[in-house]
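Engineer: mind folding the following:
(one chain, ligands or ions: 1)
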Amino acid sequence: MKKLLVFIVAAMTLMAMLLTGCGGGEQKAAEKVLKVGTEPSFAPFEFQKEGSKELTGFDIDLIKAVCKQAGYKAEISSMGFDALIPAIMSGNLDIAVSGMTITEERKKKVTFSDPYYTSGLIIMVNKDNNEIKSIKDLEGKRIAVQIGTTGEAKGRSVKNAKVTAFNNNVEAAMELKNKGVDAVINDAPVAEYYLATGGNATAKLVGEVMEAEEYGFAVKKDSKLAGELNKALNTLKKNGEYDKIYKTWFGEKKK
Ligand code: GLN
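Structural biologist: Next up, the predicted model:
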């Protein structure tokens, strides 16, 4: 009788161990989730898949891979571009990934990872505009930008320009198409993608890409997460994963 009881208790313990998966002695911690925020009107870096709510793009693929490499799961949500840094500061987000340029101004509020992409601003005008050829020609003109971006800062630096800041890049491009503004200032790879996906019916780029800007992942100021993301990013650069993701969105890597 006693033996039977011991057997039953042992069997039950074994079953409990099997069910919870804790038999091996080392308990595997549940995968930690990181809250990642983005503003998805920035194709090909972050945008919605056609006919779906799902986000896609270079940044999305990269941050998922970086988080995975660092032992985390990325949980991605959308918000306004100007809401990203406040959300990092308040702890509502762990990471902002949104084609965000590393600037001295932003570095006062958040910590950036190492750069993961080199970009720069460019001017987009309507095809029939032959007057605007450079930033100087924007003096006194109407410029559309996205709120809180380096494009907005550039627009506001132009003498006598009337700058309208839109919540997203799609609206800014639409305003140009509707001739509500004379130009859009936006990141060159995004403007190029817009033209290549139909925008070139009405719009064109003018002048050179302005000074180089580097994109980084933003985390809470002085968070040790930056180091973990850098380490993971570095691994992906070495093992070819970064190049694979780059190639998916931009073709062969420009050196
Ligand atoms: N790279 C620009 C910036 O950081 C624009 C980013 C964006 O519109 N998503 O301000």
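Engineer: how about the helices in the stretch 51-200 of the chain?
Structural biologist: Counting by DSSP state H, counting those that start in this stretch, the segments of the stretch 51-200 of the chain that form helices are 58-69, 81-90, 104-107, 150-156, 169-177, 188-196.
Engineer: can you redo those helices as TSV with mean neighbour count, distance to the ligand and mean pLDDT?
Structural biologist: Yep, even glycine has a C-beta here, placed from its N, CA and C like the rest. Shown next, in TSV, are those (neighbours: other CB atoms under 10 Å; distance: least, CB to the nearest ligand atom, whole Å; pLDDT from 0 to 100):
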stretch	mean neighbour count	distance to the ligand	mean pLDDT
helix 58-69	22	9	98
helix 81-90	18	5	98
helix 104-107	12	8	98
helix 150-156	22	4	98
helix 169-177	20	6	97
helix 188-196	20	7	97
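Engineer: nearest to residue 227, of the ones you listed?
Structural biologist: Residue 227 sits nearest to helix 58-69 of all those, at 12.4 Å, using CB to CB.
Engineer: which helices and strands does that closest one pack with?
Structural biologist: Counting contacts by 3 or more CB pairs under 8 Å, 6 or more residues apart in numbering; DSSP states H and E, helix 58-69 is packed against strand 32-38, strand 72-78, helix 225-238, helix 241-250.
Engineer: so is the helix or strand just after the first one next to the ligand?
Structural biologist: Put plainly, it is strand 32-38. As assigned by DSSP states H and E, the chain's next helix or strand after strand 32-38 is strand 41-42. Yes. Using CB under 6 Å from any ligand atom, strand 41-42 reaches the ligand at residue 42.
Engineer: which residues are contacting strand 41-42?
Structural biologist: 47, 57, 59, 98-99, 146, 168-171, 187, 190 (CB atoms under 8 Å, 6 or more residues apart in numbering).
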